[in-house]
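Trainee: requesting a structural model of the entry that follows:
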Amino acid sequence: MSKKTKIKNIRNIGIIAHIDAGKTTVTERILYYTGRSHKMGEVHDGEAIMDWMPDEQERGITITSAVTACHWKGHEIDIIDTPGHVDFTIEVERSLRVLDGAVGVFCAVGGVEPQSETVWRQADKYKVPKIAFVNKLDRIGADFLNAVDMMKTRLGASPLILQLPVGSEDTFSGIIDLVGMQQIVWDEDTLGEAFELQPIPQSLEELAGEYREKLVEILADVDDGIMEAYLSEEPIGESDIREAIRRATIDLKLVPVLCGSALKNKGVQPLIDAIVAYLPSPVDIPPIKGLDPESGETLQFAARDSEPLTAIIFKVAMMEGRKMSFIRIYSGKVHAGGEVYNPGRKSTEKLSRILRMHANKRERVDAAGAGSLVGVVGLKHSTTGETLCSKKVPVLLEKIEFYEPVISVAIEPKSHADQEKLDEVLDKFMLEDPTLRVKVDEDTGQTILSGMGELHLEIIISRMLREFKTSVNVGKPQVVYRETIKKEAAAGAIFDKEVAGQRHFGEVHLTLRPRPRGEGNLFVSNVDETKIPENFIPAIEQGVVESLESGMAMGYPVVDVETVLTGGSFRESLGSDLAYKVSASMACKEALSTGGPFLLDPIMDVEVFITEAFMGEVIGDLNSRGGKIESLEPQMDAQVIRAVVPLARMFGYATSLRSATQGRGTFTMQFSHFDRS
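Mentor: Residues are numbered from 1 along each chain as shown. Below you'll find the predicted structure:
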C-alpha cells in the first residue's frame with residue numbers, strides 16, 4: 001500500500017454517549033470482531049478491556065478515555081472510548097477535539113438522555129461527523145423509531161435510517177439493511193461472529209420498501225447526483241447510495257442511524273463497516289489551521305507526511321510512573337529519538353519512544369505519520385492542549401478549553417510518610433487532569449482539592465490510595481464561590497519605602513465598578529503619561545489582577561469587576577514596578593472592601609428524570625433547595641424536570657431523590673454560571 005492509501009484508510013473515531021448507553025460494550029465487541037482481543041470483556045463483570053482502572057471495573061463506568069487501534073478490511077480504526085458521566089466531560093471534550101468522526105450510542109429504551117445532548121453538542125462544536133447506533137434493542141421497552149424521533153427533537157440532528165430491527169425486546173433477532181435490501185441474522189453459538197445474509201421476510205417487505213424509499217428521498221434532498229437519478233426515475237445503484245451517504249455524513253448534513261444489541265452480539269459488524277464506509281479519514285477533513293507565533297498570520301497544513309509537523313497533546317497520563325503524552329498528528333511525522341518544538345513554551349523536547357496504544361497495553365514503533373493517534377514518552381515540560389511542531393515552521397494550534405472546578409474538599413495526610421508523597425501524587429493527577437486544582441489554604445494550612453463533582457473527587461481520592469498508597473483524611477465537600485461588588489468604589493494608596501537599601505515610590509488611584517454577570521474582569525487605564533509613565537501600567541495591572549484573586553468577603557476570587565486607573569503620581573528615579581504593583585494592590589483591596597462585597601454561588605443546570613407519580617414531591621424538594629424550575633417535558637412514560645439550583649443546596653441530592661422516587665429517579669447536573677442564589 002502506498003502512503004497515500006494508508007492515510008485514506010485511517011479512521012480516528014470516538015464512541016460518545018450518555019452513561020449506561022453501552023459505549024464500552026460496543027467498543028469491546030468491535031475489538032473482538034476485528035481480532036484485537038480474543039475474549040469479550042463485560043462491563044458488568046468488571047472485565048472490560050477499555051475500563052482497565054480498578055475504579056472503573058468496580059463502578060462499571062468509564063472514567064478516563066482509553067485509546068486503542070484495530071484493523072478491519074484493510075483499514076486502521078483508532079478508537080477513543082470516552083466517559084459518559086458528566087463529572088468527566090473534559091475527557092470527552094479533549095477527545096472530540098482530536099477526532100475525525102464519532103459514533104453516538106443511544107439506548108433504545110431511554111433514547112436521547114441529557115448527557116447524550118451534552119456530548120452531541122460538544123461534537124457539533126468541533127464539527128465532528130457522526131453516525132448513530134441505537135443499542136439495547138433486546139431490552140424491555142426498546143423503541144427504535146422513538147429513539148430516532150428524539151434525535152430530531154432533542155439534538156436537532158437529521159437522522160438517516162439505514163437499518164430496521166427485526167422484532168424487538170426478547171424477539172429481537174436481526175436487522176434489515178436498507179442499503180443492500182437484505183436481512184442479517186447472527187449465529188448466537190459463535191458469539192455473533194458468524195452471520196447470514198438472507199432475503200427480507202415477506203411480512204417485512206412492504207415496511208422495508210417504504211423506508212428504503214424514504215432513505216433515497218432524504219439523500220436526494222442533499223445530494224445532486226441522487227436527485228437527478230431520482231427525478232428521472234433511473235435505477236440508483238447500491239454503490240451510488242453508499243457514496244452519497246458518505247458525502248452527506250462528512251458534510252454534516254445527515255447522521256446515518258444503525259441498530260443492534262451489543263450485549264447480545266447483534267449489529268456490530270455492520271457498524272464497523274459503516275465506520276469505514278461513512279466516517280472521514282484524516283484526508284477528508286479540512287486542513288488543520290494554526291497561527292504563526294511571530295506574525296499571527298493563519299497557516300494551514302494538509303494531512304500529509306511530507307508537510308511540516310503539526311500535532312496537539314490531548315491527554316497526559318502517568319503509566320507505571322512515567323509520563324505518557326497522547327498526541328494527534330495532523331501533518332508531518334515524528335520519529336523515536338527525534339526532537340519536536342513547543343511554540344507555546346519556546347522549548348525543544350526529545351521523544352524517547354513512540355507507542356501505539358491498546359487501552360493500557362502498548363507496542364513500540366519507530367515513527368508515526370499524519371493522521372495518527374499515538375502515545376509518546378520523553379516530553380518533560382509540554383502538557384495537555386499544547387502544540388508540537390517543527391522548529392523551522394513554528395505554528396500554534398487552537399488550545400483545548402477546560403472547565404472551571406466547582407466543588408472542593410480539604411484533604412490532609414494521615415501520616416508523615418503520606419505527607420511526603422502527597423505533593424508528588426497531586427502533581428501527577430493535575431498533569432493528567434486539567435479540571436483538577438490544588439491549593440493550600442494560607443489561613444488553615446489545609447490542602448484544598450477542587451474538581452467537577454462529588455464523584456470526580458471521590459475517584460481521585462480512591463486512586464491516591466490504590467495507585468500510590470497515599471492515605472488522606474477528607475473533609476466535607478465545600479462549594480467554590482466567587483465574589484463581586486455591589487457598587488462603585490474608589491481608593492488610592494501610596495507606597496514609599498526603602499527596600500534592600502533602595503527607596504521605592506508609587507502612588508495609584510483606582511475606581512472599581514460592578515459589571516454584568518458573566519462579563520469577567522476588565523482593567524482600563526485613564527491616566528496620562530505625565531502622572532504615571534506608561535512603562536509602569538503593566539505592573540499596576542498585575543497588582544490589580546493579583547488582588548482580585550482573593551476578595552474581601554471570604555477570600556474567593558473576585559469576578560465581574562471593571563478596574564479603572566484614574567490617577568496617581570510619579571517621582572523621578574524613585575518609581576519602580578514593585579512600588580506601583582504594591583500600591584495598586586493596596587488601593588484595589590481598599591476599594592473592594594468599600595464596594596459592598598458579596599458572594600456569588602455556582603448555579604447548576606439540573607435535569608431530573610422521574611415518573612409522573614413523583615412529580616409533586618420532587619418539584620417541592622427542588623423548590624426547597626432554592627431551585628427555579630425552567631421546564632417540564634414529558635418523555636415516553638417519564639417526566640424531565642429542568643431546573644437551575646445553587647450547588648451548595650445539592651449535596652446529598654442523589655440520596656434524597658432515590659428515597660423520594662423509590663429508587664427510580666435519576667438526575668444529571670452540570671455547572672451553568674455564578675450568580676446570587
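
Trainee: torsion angles phi and psi at Glu572?
Mentor: Backbone torsions of Glu572, given as degrees, to the nearest 10, read phi -50, psi 140.

Trainee: burial count for it?
Mentor: Using other CB atoms under 10 Å, Glu572 has 7 other residues around it. Bear in mind the C-beta positions are built from the backbone N, C-alpha and C, glycine included.

Trainee: low pLDDT regions in the stretch 401-550 of the chain?
Mentor: The stretch 401-550 of the chain contains residues with pLDDT under 70 at 401-404, 406, 441-445, 477.

Trainee: got the residue ranges for the helices in it?
Mentor: If DSSP state H, counting those that start in this stretch is used as the criterion, the helices of the stretch 401-550 of the chain fall at 416-432, 454-468, 537-547.

Trainee: do the stretch 151-300 of the chain as well
Mentor: Using DSSP H, counting those that start in this stretch, helices in the stretch 151-300 of the chain cover 202-222, 224-231, 238-250, 268-278.

Trainee: okay, these, which one's buried deepest?
Mentor: With neighbours taken as mean count of other CB atoms under 10 Å, these reach their highest mean count in helix 268-278, at a mean of 21.

Trainee: picking that back up, I'd like the helices of the stretch 401-550 of the chain as CSV, with mean neighbour count appended.
Mentor: As requested, these are exported to CSV (neighbours: other CB atoms under 10 Å):
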stretch, mean neighbour count
helix 416-432, 15
helix 454-468, 18
helix 537-547, 20
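
Trainee: could those helices go into JSON lines alongside distance to Val340?
Mentor: Formatted as JSON lines, those follow (distance: least, CB to CB, whole Å):
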{"stretch": "helix 416-432", "distance to Val340": "18"}
{"stretch": "helix 454-468", "distance to Val340": "29"}
{"stretch": "helix 537-547", "distance to Val340": "32"}
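
Trainee: of those helices, which is nearest Tyr653?
Mentor: Across those, Tyr653 has its closest neighbour in helix 454-468 (9.7 Å, CB to CB).

Trainee: tell me the angle of the closest one relative to helix 416-432?
Mentor: Angle, helix 454-468 to helix 416-432, by axes from the mean of the first three to the mean of the last three CA atoms, to 10 degrees: 120 degrees.

Trainee: other SSEs contacting helix 454-468?
Mentor: Here helix 454-468 touches helix 54-59, strand 407-413, helix 416-432, strand 447-451, strand 472-474, going by 3 or more CB pairs under 8 Å, 6 or more residues apart in numbering; DSSP states H and E.

Trainee: now do the strands in the stretch 451-600 of the chain.
Mentor: For the stretch 451-600 of the chain, the strands defined by DSSP state E, counting those that start in this stretch cover 472-474, 478-479, 482-485, 489-499, 502-514, 522-525, 561-569, 597-611.

Trainee: return the most buried member of the ones you listed.
Mentor: strand 482-485 (a mean of 23).

Trainee: state the phi and psi torsions of Arg649.
Mentor: In terms of degrees, to the nearest 10, the main-chain angles of Arg649 are phi -100, psi 0.

Trainee: okay if I get the strands of the stretch 451-600 of the chain as JSON lines plus distance to Trp186?
Mentor: Listed next are the strands of the stretch 451-600 of the chain as JSON lines, based on distance: least, CB to CB, whole Å:
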{"stretch": "strand 472-474", "distance to Trp186": "48"}
{"stretch": "strand 478-479", "distance to Trp186": "51"}
{"stretch": "strand 482-485", "distance to Trp186": "55"}
{"stretch": "strand 489-499", "distance to Trp186": "72"}
{"stretch": "strand 502-514", "distance to Trp186": "64"}
{"stretch": "strand 522-525", "distance to Trp186": "62"}
{"stretch": "strand 561-569", "distance to Trp186": "63"}
{"stretch": "strand 597-611", "distance to Trp186": "32"}
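
Trainee: which of these sits closest to Leu164?
Mentor: Closest to Leu164 of these is strand 597-611 (CB to CB; 27.6 Å).

Trainee: so what does the closest one touch, helix or strand wise?
Mentor: In this structure, strand 597-611 packs against strand 482-485, helix 615-624, strand 638-646, strand 666-675, with contacts taken as 3+ CB pairs under 8 Å, 6+ apart.

Trainee: helices of the stretch 1-150 of the chain, start to end?
Mentor: In the stretch 1-150 of the chain, the helices defined using DSSP H, counting those that start in this stretch lie at 3-8, 23-33, 54-59, 89-98, 114-125, 144-155.

Trainee: which stretch in these has the least confidence?
Mentor: Mean pLDDT is lowest for helix 54-59 among these, at a mean of 42.

Trainee: about what we covered before: tell me which of the helices of the stretch 401-550 of the chain sits nearest to Phe609.
Mentor: Evaluated over these, closeness to Phe609 peaks at helix 454-468, with 17.7 Å, by CB to CB.

Trainee: returning to what we had before: nearest to Ile218, out of the strands of the stretch 451-600 of the chain?
Mentor: Proximity to Ile218, assessed across those by CB to CB, is greatest for strand 597-611 (30.5 Å).

Trainee: relative orientation of the closest one and strand 489-499 in degrees?
Mentor: Using the same axes, to 10 degrees: strand 597-611 against strand 489-499 is 120 degrees.

Trainee: need the contact list for the nearest residue to His335 once chain neighbours are set aside.
Mentor: Counting by CB to CB, 6 or more residues apart in numbering, His335 lies nearest to Ala367, which is 4.7 Å off, once chain neighbours are set aside. Counting by CB atoms under 8 Å, 6 or more residues apart in numbering, Ala367 touches 333-336, 354.

Trainee: quick revisit: which one of the helices of the stretch 151-300 of the chain lies nearest to Glu188?
Mentor: helix 268-278 (13.4 Å).
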